[in-house]
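**Q** my questions are about this predicted structure, shown below with the sequence.
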Amino acid sequence: MKRDPPPASHERVRLSAEPDFSLGDLRIHPSVSEALRGESIQHVEPRVMQVLVALAGAGGAVVSRDELIERCWDGRIVGEAAINRCISRLRALADRGDGTRSFNVETIARIGYRLQAAAGTAEGDALPGTASGAPRTKRAALLAVGAVAILAVAAAAVVSNYGAASRAPKILASSTLQPSVAVLPLKNLSADADAGYFAEAIQDEILTRLAKVGSLKVISRTSATEAAKGAGTLAAIAKRLGVANVVEGSVQRSGDTVRVNVQLIHAATDAHLWAEDYDRRLDDVLSVENDIASSIATALAAKITPSERLALSAKPTTNAKAYDAYLHALVLYARGQGTDWDNALKELDQAVAIDPDFALAWAMLARIHAPFYFWERDAARRDSARHALDRALALAPDLVEVQLAQAQYKHYAALDYEGAARDLRALHSKWPNNVEVLQSLALVTRRVGHWQESIAYLRQARALDPLSRETPGKIVETLGFAHRPVEAAAVVSSVRAIWPDDPTVIVCEANILQAIGELDRADAGLALLPASVDARGETLVERRAQYAYRRRFDEGLAWFETLRASSPMQEWDPIRRATLDLAIGDFRRWSGKAAAARPSYQAAVDELRENADSAHASLEALTLSALAYSGLGDRQSALRYTGRLAELPLSTDAVNGAIGKENLARTLARLDDRDAALAALERVVKEPSEMTPQQLRLDPDFDTLRADPRFERLIAANEQPIE
């Protein structure tokens, strides 16, 4: 039945524009879809947050269902179940866990809903949509939930009007709003040491099934494994992970027989909620994983929908050897990229050769080949991804793993970012606890310029993977492109509090501190790094910036030349060697040794030529080539390489496009083309970019522009965050 439109027009709730407010003991942050109660942070689904804002802004008046639909669902036809679900989530959010509530949502029969705040709302802290005596302002703050390449646990680091960025982060308290569980690494009791992968894979498969239950909060394997490495009680591990329950156990494999022992434990009380031993043949291990996941969900009183129960009982292959090869690939895939992924492909090829109808294996083949194509631009990779995806879709189009493969093919092979984003949003509703889906959503939405949405997905991923060193790195990077470097620094600070001596974290922190002009703090961090980190070339960008921004040209030149003469440098890849030669050329030129700089610039060009002049040139090779040729004063060649950046298929991506714009502005400034450089910088300042006004003030590359009043106006203008 078609719903009549509401008689009045109401403004849509835009979370990014909503101010923070309090409800009882809850501090609500609409722009990041989070609620803070004491030291515990709860992510709130954006739709649920929209409903909360609409109800809270009514000032105790009744809000009709029609108004909620218009303001929160853009007037689309919405069933009662969708609204009821949001109201149910709000009541769960309000529950303090001791029989009291932070606020009450009252149902007014056949009319709508009314929200009433409990005692504790801050005096003078206006609710959304109500008069406050002051104009609505954007919140320049960050709440980091849960844990490049960085990072961590830790709750909020809040900046600007809601807190001190320097405050040490707190461990996230266990959520009382939904059942939560972490599956710790299963002990490998097999006599064969080579069977260690099997225990890892069983843990992963149990997690994969649990993650399909929307009413559960399920921590990723990465964080569960990291948490289990250190000494500590189950209660301490659960607290680090932000869960109430943990699963532990063991796996023993002997030939074609498997014994799996698992226990579900309420961490705070050490109470055993459920335990079971399974003795099965290898070809029946799939049913064990399904039984374990179903039993855990049932023991935690999780609500399992019919479609979720069907997913839990799925048996993608009946061939034990094919499944064993798939389990090998699963573990290799989780380790990272490069050689591990190449070996995973070999295992998957074996799996589909044994069982050509193994849809899961075909889907994973597509998920690996597609990113390889994105990086390598090798058409054979794209064809392999397409073939594998077509086989998976023909066999099991409704399988969520197959749908993930299809979205990733659109993202990495077809470069259909909008299509991939649509598919991933739909998939997230079916597979809410899958960190890979959330990370993929974050990466593809920022490619199309949806920065706020990307950051929200990354924070959800971080809540489910709090001890990952990858997701917070992506948050920092994305905040940087969105002109929010101070918030990025707060995220790194929260991670540094967890891993104070981690070289990767220290280097990342130095990079973001340089971006906001805090050179003393960056110096202090870099001084802590062991010499081995510099020897591997992992600090080239940060060392160059530090010496250059400090104007210590002779000292920097000596440091880079010493590194150039070291034996470890001979093992570096061409991109890294070219980066070092480019730095030596720059420091020689800045030190007044222009003639001596030319051989270094030429060495960089020579290192890069094979890559930069190929049909599949990398972004790094093109950017470095443009800078090296500008150092040589070869304007035509320098601009040719910056022009090729704009011609890349990836240049339509908001992230890579930003890198191209930054490179053009820097190259033109080095060539002393002031008018063109200033025009390019104007775009950099107004559009997504990691370049900050502080860097423009400090970087010698822009010295040729400093006497121009247009440059001074550019760097004096307040940099506006990108929505």
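**A** Cool, the structure landed. Numbering: from 1, shown residues only.
**Q** and the residue of the chain positioned farthest from its centre, how far is that from Ala565?
**A** Ranked by distance from the centre of the chain (C-alpha atoms, centre = their mean), the top residue is Ala595, with 44.8 Å. Note on Ala595: its distance to Ala565, by C-beta to C-beta, to the nearest Å, is 20 Å. (Each C-beta comes from the backbone N, C-alpha and C, glycine too.)
**Q** where does Thr318 land in three-state SS?
**A** Assigned with DSSP: H, G, I helix; E, B strand; the rest coil, Thr318 falls in the coil class.
**Q** list phi and psi for it.
**A** phi -110, psi 0 (degrees, to the nearest 10).
**Q** returning to what we had before: so which strand or helix has the residue farthest from the centre of the chain?
**A** Using DSSP states H and E, Ala595 falls within helix 594-612.
**Q** buried ones in that helix, by neighbour count?
**A** For helix 594-612, a neighbour-count test (16 or more other C-beta atoms under 10 Å) marks 597-598, 600-605, 607-608, 611-612 as buried.
**Q** count of neighbours near the residue lying closest to Lys430 once chain neighbours are set aside?
**A** In this structure, Lys430 finds its nearest non-sequential neighbour in Val400, 5.5 Å apart by C-beta to C-beta, 6 or more residues apart in numbering. By other C-beta atoms under 10 Å, 20 other residues sit near Val400.
**Q** for Gln514, give its distance to Ala716.
**A** 20 Å.
**Q** who has more neighbours out of these two?
**A** Neighbour count, other C-beta under 10 Å: between Gln514 and Ala716, Gln514 has more, with 27 against 9.
**Q** that one against Ala522, yeah?
**A** Yes. With contact taken as C-beta atoms under 8 Å, Gln514 and Ala522 are classed as touching, separated by 5.1 Å.
**Q** what do those two both touch?
**A** Common contacts of Gln514 and Ala522 (C-beta atoms under 8 Å, 6 or more residues apart in numbering): 542, 546.
**Q** show me the shaky parts of the stretch 301-450 of the chain.
**A** 337 (pLDDT under 70).
**Q** please enumerate the helices of it.
**A** 306-312, 320-335, 339-354, 359-376, 379-395, 400-412, 417-430, 435-447 (DSSP state H, counting those that start in this stretch).
**Q** lowest average confidence, helix or strand, in this protein?
**A** strand 40-43 (a mean of 75; mean pLDDT, DSSP states H and E).
**Q** circling back: closest to Ile87 out of the helices of the stretch 301-450 of the chain?
**A** Closest to Ile87 of those is helix 417-430 (C-beta to C-beta; 18.0 Å).
**Q** how close does Asp270 get to Ala236?
**A** 12 Å.
**Q** neighbour count: the two, which is higher?
**A** A count of neighbours by other C-beta under 10 Å puts Ala236 above the other of Asp270 and Ala236, at 14 against 10.
**Q** which residues touch the more buried one?
**A** No contacts exist for Ala236 under C-beta under 8 Å, 6+ apart.
**Q** and the pLDDT at it?
**A** pLDDT, Ala236: 91.
**Q** also Ala35?
**A** Value for Ala35, per-residue pLDDT: 86.
**Q** what's the helix or strand hosting it packed up against?
**A** Using DSSP H and E, Ala35 sits in strand 34-37. Applying 3 or more C-beta pairs under 8 Å, 6 or more residues apart in numbering; DSSP states H and E, one finds that strand 34-37 makes contact with strand 26-29, strand 40-43.
**Q** burial measure for Asp95, as a count.
**A** 14.
**Q** oops, could you answer that again for Pro709 instead?
**A** Neighbours of Pro709 (other C-beta under 10 Å): 7.
**Q** cool, Asp523 as well?
**A** Neighbours of Asp523 using other C-beta under 10 Å come to 14.
**Q** correct me if wrong: it contacts Tyr549.
**A** No. In terms of C-beta under 8 Å, Asp523 does not count as a neighbour of Tyr549; the distance is 10.3 Å.
**Q** so the host helix or strand of Ser287 versus helix 320-335, what angle?
**A** Applying DSSP H and E as the criterion places Ser287 in helix 285-299. Helix 285-299 runs at 60 degrees relative to helix 320-335, counting by axes from the mean of the first three to the mean of the last three C-alpha atoms, to 10 degrees.
**Q** could you give me the buried positions within helix 285-299?
**A** Buried, per 16+ other C-beta under 10 Å, within helix 285-299: 285-286, 288-297, 299.
**Q** of those, which one scores lowest on pLDDT?
**A** Among these, Leu286 carries the weakest pLDDT, at 76.
**Q** ok, which stretches of the chain are strands?
**A** 21-23, 26-29, 34-37, 40-43, 63-64, 103-108, 112-117, 180-183, 187-188, 217-218, 245-254, 257-266, 271-281 (DSSP state E).
**Q** turn the ones you listed into CSV, including mean neighbour count.
**A** As requested, the strands of the chain are exported to CSV (neighbours: other C-beta atoms under 10 Å):
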stretch, mean neighbour count
strand 21-23, 24
strand 26-29, 24
strand 34-37, 22
strand 40-43, 22
strand 63-64, 19
strand 103-108, 15
strand 112-117, 19
strand 180-183, 28
strand 187-188, 16
strand 217-218, 28
strand 245-254, 21
strand 257-266, 19
strand 271-281, 14
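**Q** of the ones you listed, which is nearest Glu347?
**A** Taking the strands of the chain one by one with C-beta to C-beta, strand 245-254 is closest: 16.8 Å.
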